[in-house]
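Asks: Sequence and predicted structure below; questions after.
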Amino acid sequence: MATNKLPKTRDELFALAEALADALHTDEVRLGVKQNTETSLRAELKAAIEARNTYNLVVSTHADLKRALEAADSEARTFIVNSRNVLRNFIGKPWSPAWQATGFPNDSVAVPAMMTERLILLGALGNYFQVNPDKQNDALKVTGIHAGELFKSLQDARAAVSSNDSETGDAIRARRQSEQALRWRITGLIGELRQLMDDDDPGWYRFGLSRPADPVVPAVPDQVVVIGGLPGSVQVTWDPSRRAERYRIFKKEDGDDDFLPIATTADPFATIDGLEHGATLQILVRAANAAGESLPSDPAQIVVPAEPVTAVQA
C-alpha cells in the first residue's frame, strides 16, 4: 500500500504543501478537517519560503563579502611585499634585529601566512612609516597613511565576514526549523486525512497524494554499472530494486536530445548492441511494476569501445 512519504528536496516539499493547501481550500469544510487547516498550512509554508529566501540572500551576501575580504587581503600582501623591498634598501635583505621595529614577525621578513598576522603587520608598518617618513616611497604607495587605509579596509572586511557568518548560522537554523515545522504540519494533515477519507477515495489525488490503497511503485535502481562488451556493445548491470517486476533501459548517445528507451528486461542486467564505436553513451534504468515506474537511476557513462574496458559506476 502507498505510504505518501514526504519529499526529500525543498522544492518538492514546497510544491506538495501548495497542492495540499489548494485542495484544502475546496475540501476542508466538506471533509471536516479541524487540526491541519489551509490557514495553518499556508502559514507554515510562507514561513518556510521566507526562511529559505533569507538564507539565500545571506549566502549571496557572504560570497560578496568573501570576495571583498580576499581583495583587501591581496592589497595588504602587495603592500607588505613592497614595504619589505623598500626597507631592504635601508635595513638590509636578511633578517636582523633592526627589522624588529618594522613589525615583521617570527624573526623573518617573509609575508606572514596568517591573515591575523598580516593585519597586525600592517598596523606596525603604518606606525613605523609615520615615525620614519624618510623610509617611505610615495611612488610605490609605501606610506604610513596608505598602510592605515589598508589596515582599516582589511579589518572592516574581516569584521563584515565574521558578522555574516553569525547571520548565516542563524539563517540555517531558521530554515531548518521552518522546514521541520512544515513537515510536521504536512504529516499531521496526512494523518488527519487518513481518519476522514477511505483508503481508495479518489479525493487523495486532489491533494497530490497517492491513495493508501494504491500499489507502490518499485524503488529506484541503484549501482548502475556499464562495461564494454564485444565491439559496438556494452553490458549493463544494477542492483535489484524492491518491488520491481521488470526494468526499462534508456540510452542517450552523442547528438540525442533526451534518453530513449532501448530494452525491457526482467533481470537486473542487459547487453546493448549496435552502438557506434567511440560514441559517448549514457545509460539509465527505471524499475516498473503494476503500479507504475520508479524515478530514473543516476546515469552511467562510457565511451563505446572496440575492446572491453573497466567498469564505470553511477
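Replies: Thanks, I have the structure now. Since we're looking at a predicted model, the values are computed, not measured.
Asks: Could you list the low-pLDDT ranges of the stretch 51-200 of the chain?
Replies: Counting by pLDDT under 70, the stretch 51-200 of the chain shows no low-confidence range.
Asks: in it, which spans are strands?
Replies: According to DSSP state E, counting those that start in this stretch, the stretch 51-200 of the chain carries no segments that qualify as strands.
Asks: Per the annotation, how does the chain divide into domains?
Replies: 1-214, 222-313 (automatic domain parsing).
Asks: Could you point out which residue ranges in the stretch 201-314 of the chain have low pLDDT?
Replies: 306-314.
Asks: where exactly do the helices run in the chain?
Replies: For the chain, the helices defined by DSSP state H occupy 10-31, 38-91, 115-131, 144-196, 203-206.
Asks: Next, the angle helix 10-31 makes with the longest one.
Replies: Relative orientation of helix 38-91 and helix 10-31, computed by axes from the mean of the first three to the mean of the last three Cα atoms, to 10 degrees: 160 degrees.
Asks: before we move on, back to that, ok, which of the helices of the chain comes nearest Gln282?
Replies: Between Gln282 and the helices of the chain, the shortest separation by Cβ to Cβ is 23.9 Å, and it involves helix 10-31. No exception for glycine: its C-beta is placed from N, CA and C like everyone else's.
Asks: Let me see the mean pLDDT of that closest one.
Replies: Taken as a whole, helix 10-31 has a mean pLDDT of 96.
Asks: in it, what's buried?
Replies: 13-14, 16-17, 20-21, 23-24, 27-28, 31 (16 or more other Cβ atoms under 10 Å).
Asks: and of those residues, the nearest to Ala159?
Replies: Among the buried residues of helix 10-31, and counting by Cβ to Cβ, the member closest to Ala159 is Phe14, at 35.1 Å.
Asks: didn't the closest one look like it was pressed against Ala47?
Replies: No: taking Cβ atoms under 8 Å as the definition, Phe14 is not a contact partner of Ala47, at 11.5 Å.
Asks: about what we covered before: what would the helices of the chain look like in CSV with distance to Arg243?
Replies: As requested, the helices of the chain are arranged in CSV below (distance: least, Cβ to Cβ, whole Å):
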stretch, distance to Arg243
helix 10-31, 21
helix 38-91, 31
helix 115-131, 55
helix 144-196, 21
helix 203-206, 20
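Asks: Burial-wise, tell me which of the ones you listed comes out on top.
Replies: Sort these by mean neighbour count, taking mean count of other Cβ atoms under 10 Å, and helix 115-131 sits at the top with a mean of 18.
Asks: still on that earlier bit, for the helices of the chain, which one sits closest to Pro296?
Replies: When these are ranked by proximity to Pro296 (Cβ to Cβ), helix 10-31 comes first, at 15.5 Å.
Asks: can you list contacts of the closest one?
Replies: 6-7, 33, 37-38, 41-42, 44-45, 48-49, 52, 179, 182-183, 185-186, 189, 193, 196-197, 203, 206-209 (Cβ atoms under 8 Å, 6 or more residues apart in numbering).
Asks: Report how many residues lie close to the nearest residue to Gln235 once chain neighbours are set aside.
Replies: Of all residues beyond its chain neighbours, the one nearest Gln235 is Gly229 (4.7 Å), with distances taken as Cβ to Cβ, 6 or more residues apart in numbering. For Gly229, the tally of surrounding residues (other Cβ atoms under 10 Å) stands at 19.
Asks: Can you give me the distance of Gly229 to Ser297?
Replies: Between Gly229 and Ser297 the distance, using Cβ to Cβ, to the nearest Å, works out to 20 Å.
Asks: How about Phe269, nearest residue that isn't a chain neighbour?
Replies: Closest residue in space to Phe269, ignoring its immediate chain neighbours: Thr237 at 4.5 Å, by Cβ to Cβ, 6+ apart.
Asks: Okay, and the beta partners of that neighbour?
Replies: Val225, Phe269 (DSSP bridges).
Asks: my read: it touches Gly229, true?
Replies: No: in this structure Thr237 lies outside contact range of Gly229 using Cβ under 8 Å: 11.5 Å.
Asks: I figured Asn137 hits Val86, correct?
Replies: Yes: counting by Cβ under 8 Å, a contact exists between Asn137 and Val86, whose distance comes to 4.7 Å.
Asks: got any residues that touch both of these two?
Replies: Going by Cβ under 8 Å, 6+ apart, no residue sits against Asn137 while also sitting against Val86.
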